[in-house]
Every structure is written in structure tokens, then in C-alpha cells.
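Colleague: Curious how this folds, go ahead:
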Amino acid sequence: MLNYIKKKLMKFSSIFKDENTINEKNVVGFASFAIMALFATADIITGFSGKDLPVQEFIYNSFVIVTLGCFGIDGITKIFKAKKEE
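Modeller: From the prediction side, this is the model:
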């Protein structure tokens, strides 16, 4: 059991290495999108129950900017890589 946990921690630490196969921008963008989706779901549920879900607008806008920024940067990177290969 201890070896299993150690292996999982080693795999998790490989995310932070310079040479890995995980695109960090996509991970951050997906996490930000997931939080926005959870907020929207909670807002709909509380709306049906007749209660207001007070969330500051700048917090939600921050998640929107992070999501668009992450996926936008990744998309632009892919476009310019394709142009360099030609």
C-alpha cells in the first residue's frame, strides 16, 4: 500500500517537470471551466428553490478570463507551430 501511494505521488510530481506530456494550460483551463460549470449548476438549483446565490461578479469574470486565456494561448500556440512546420 505504501509503495502504491509513493508511485502515485511520483506520477503527480512529474507534472511539474519541464519534460512531460501534460499540457498545463489545458489542465488549468479545464479546472477553471469546471468551477464555472459548478457555479452555474448551483445558481440554477438555488434559483429553482427561490433563493439567491450571491457571488461577486468579478470572481466569475476572473474564471472566464482564466478559461479563455488558457484555451486561447494553447490555440494560438498550435496555430503558430503549424505555420513554422510549413
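Colleague: now the helices for the protein?
Modeller: With helices called from DSSP state H, the chain shows them at 2-13, 24-48, 57-85.
Colleague: so where's this protein uncertain?
Modeller: 9, 12-18, 20, 82-86 (pLDDT under 70).
Colleague: let's see 80
Modeller: For the chain, the stretches flagged by pLDDT under 80 are 1-2, 4-26, 55, 74-75, 77-78, 80-86.
Colleague: Export the helices of the chain as TSV, with columns for mean neighbour count.
Modeller: Where you see a C-beta, it was placed from the backbone N, CA and C, and this is true even at glycine. TSV is the format used below for these (neighbours: other C-beta atoms under 10 Å):
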stretch	mean neighbour count
helix 2-13	9
helix 24-48	13
helix 57-85	12
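Colleague: roughly how far apart are Phe63 and Thr21?
Modeller: According to C-beta to C-beta, to the nearest Å, Phe63 and Thr21 sit 26 Å apart.
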